[in-house]
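[1] Here is my input, please return the structure:
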Amino acid sequence: MSLMQKTWIFVLLISCLPVALSAQSVQLQYVFQQGNVFELRVQDRSETYLTIQDEHQRTSTQGHYTLKLKVVNTMPATSSALIEARYEKIFLTASSQDVTNTINTEGSEQDALNLVFRRITERPFYFTIQSNGTIQDMEGIDSLIHYAVGAIPAKTSKSDRQAIINFVREQFDADAFRNQFISLFPRYADHAVQVGDGWTDIVQLAGRLGGSLTTAWKLDYGDKFGLKVSAQGNMISNQFAVIDLGGGIMGNVDVRGNTQSSYLISAENGWPTRSVQHTEISGEYIYRAAYNKKIKQDIHVPIRYVHDLQYELIH
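    Okay, here's the model as predicted:
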């Protein structure tokens, strides 16, 4: 084979490689097509550390769950879509102070928690997402929770029943879902970007903690097959909000945290296909004497939370 032939073969091979978008602008956005179905497979692990009166407490959770997402309605006028979401399976283990609880919706256990979570997989809920990834309305959550806690056996003690109801509401109310989905779906700039470009957004967090999440996004790479987006986020709670810290004891939560995330994005429809995320939050719970007659002075409880998550979204 001549040198000229080898050179041409090399050029042909190079021409077959993906062409990066470093010199091209791209408008990142979700493409919504009614009837499209996605399967979201999530694995996560978290550690929570509390220090109460010099005694250290640690709670560990580990689990994986699968949701089916379906585009049930597209709304071009608002560049958004209504998504039906349904848990297909939930597996979760939580351990604290030598006590371990396991939830497996595909198992046969008949304890109250498993019965409740099994019901969560039986009905869908809905959320609206804009083409830039902003999560809006959450619908059907209250009725789903009401249906799920209806599975608590009548023989369950009043205190255990209320504890289960509180736990489910904290984990699955509309505010909690919205906060979770905020991290699952990347949010895109409202203008075209090139590889290396960045953009920033601020999202107000819902629920008991309140506060805000400021995220700096960056398009790291892109070609005709896919793109890579990274994110650095900083959150801060609403330290002035007075909330129930448990057992009817009122106080404030003063925490700050950061998160690092990376997303692989489909070049075809703008939906993420894979993501890896790491979050660390630290601060303190403040039990306020002003709101609790049994407390003579404010009690400060340090807290640290570490969360690792990865998911795959299959079209």
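[2] Can you identify each of the helices in the stretch 1-150 of the chain by residue range?
    Assigned by DSSP state H, counting those that start in this stretch, the stretch 1-150 of the chain shows helices spanning 3-16, 112-120, 141-149.
[3] can you tell me which of these the model trusts least?
    Mean pLDDT is lowest for helix 3-16 among those, at a mean of 45.
[4] which regions of this protein lie under the pLDDT threshold?
    Scanning the chain for pLDDT under 70 picks out 1-23.
[5] which SS state does the residue nearest in space to the middle of it fall under?
    By CA atoms, centre = their mean, the chain has its centre lying nearest to residue 180, at 2.8 Å. The three-state label given to residue 180 by DSSP: H, G, I helix; E, B strand; the rest coil is helix.
[6] What separation do you get for it and residue 118?
    20 Å (CB to CB, to the nearest Å). C-betas here are computed from N, CA, C, even on glycine.
[7] Kindly report the same for residue 135.
    26 Å.
[8] Residue 245 too?
    Counting by CB to CB, the gap from residue 245 to residue 118 is 30 Å.
[9] same thing with residue 310?
    Counting by CB to CB - residue 310 and residue 118 are separated by 25 Å.
[10] Looking at the two, which is more packed in?
    A count of neighbours by other CB atoms under 10 Å puts residue 118 above the other of residue 310 and residue 118, at 22 against 16.
[11] Next up, the contacts around the more buried one.
    Counting by CB atoms under 8 Å, 6 or more residues apart in numbering, residue 118 touches 105, 151.
[12] CA atoms only for stretch 307-315 - export them in PDB, please.
    Presented in PDB, the C-alpha positions along stretch 307-315 are these (Å, rounded to 0.1, in the frame of the first residue of the first chain):
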ATOM      1  CA  HIS A 307     -26.000  12.300  49.400                       C
ATOM      2  CA  ASP A 308     -24.800  10.400  46.300                       C
ATOM      3  CA  LEU A 309     -27.200   9.700  43.400                       C
ATOM      4  CA  GLN A 310     -26.900   8.300  39.900                       C
ATOM      5  CA  TYR A 311     -29.600   7.500  37.400                       C
ATOM      6  CA  GLU A 312     -30.300   6.300  33.900                       C
ATOM      7  CA  LEU A 313     -33.200   7.500  31.800                       C
ATOM      8  CA  ILE A 314     -34.200   5.100  29.100                       C
ATOM      9  CA  HIS A 315     -36.400   6.300  26.200                       C
END
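[13] change the start of the numbering to 346 and stick with it
    From this message on, residue numbering opens at 346, which makes the last subject stretch 652-660.
[14] List the buried residues in that stretch.
    Buried residues in stretch 652-660, counted by 16 or more other CB atoms under 10 Å: 652, 654, 655, 656, 658.
[15] Ok, stretch 495-511 next?
    Judged by neighbour count using 16+ other CB under 10 Å, the buried positions of stretch 495-511 are 496, 497, 506, 509, 510.
[16] Of those, which belong to helices?
    506, 509, 510 (DSSP state H).
[17] The nearest residue to the last one once chain neighbours are set aside and residue 450: what is the separation?
    Excluding the flanking residues, the one nearest residue 510 by CB to CB, 6 or more residues apart in numbering is residue 494, at 5.2 Å. Look at residue 494 and residue 450: by CB to CB, they are 15 Å apart.
[18] what about residue 405, neighbour count?
    Residues near residue 405, counting by other CB under 10 Å, number 14.
[19] quick one: it and residue 437 touch, right?
    No. Assessed by CB atoms under 8 Å, residue 405 is found out of contact with residue 437, at 11.2 Å.
[20] Could you tell me the end-to-end distance of stretch 606-626?
    15 Å (CA to CA, to the nearest Å).
[21] wouldn't residue 620 be in contact with residue 605 here?
    No. The pair residue 620 / residue 605 is not scored as a contact, 11.2 Å apart, by CB under 8 Å.
[22] ok, these two, which is more surrounded?
    residue 620 (22 against 13).
[23] for the more buried one, phi and psi?
    Main-chain torsions, residue 620, degrees, to the nearest 10: phi -150, psi 150.
[24] Identify the residues contacting it.
    Neighbouring residues of residue 620 by CB under 8 Å, 6+ apart: 529, 531, 606, 607, 608, 609, 654, 655, 656.
[25] What of residue 500?
    Contacts for residue 500 (CB under 8 Å, 6+ apart) come out as none.
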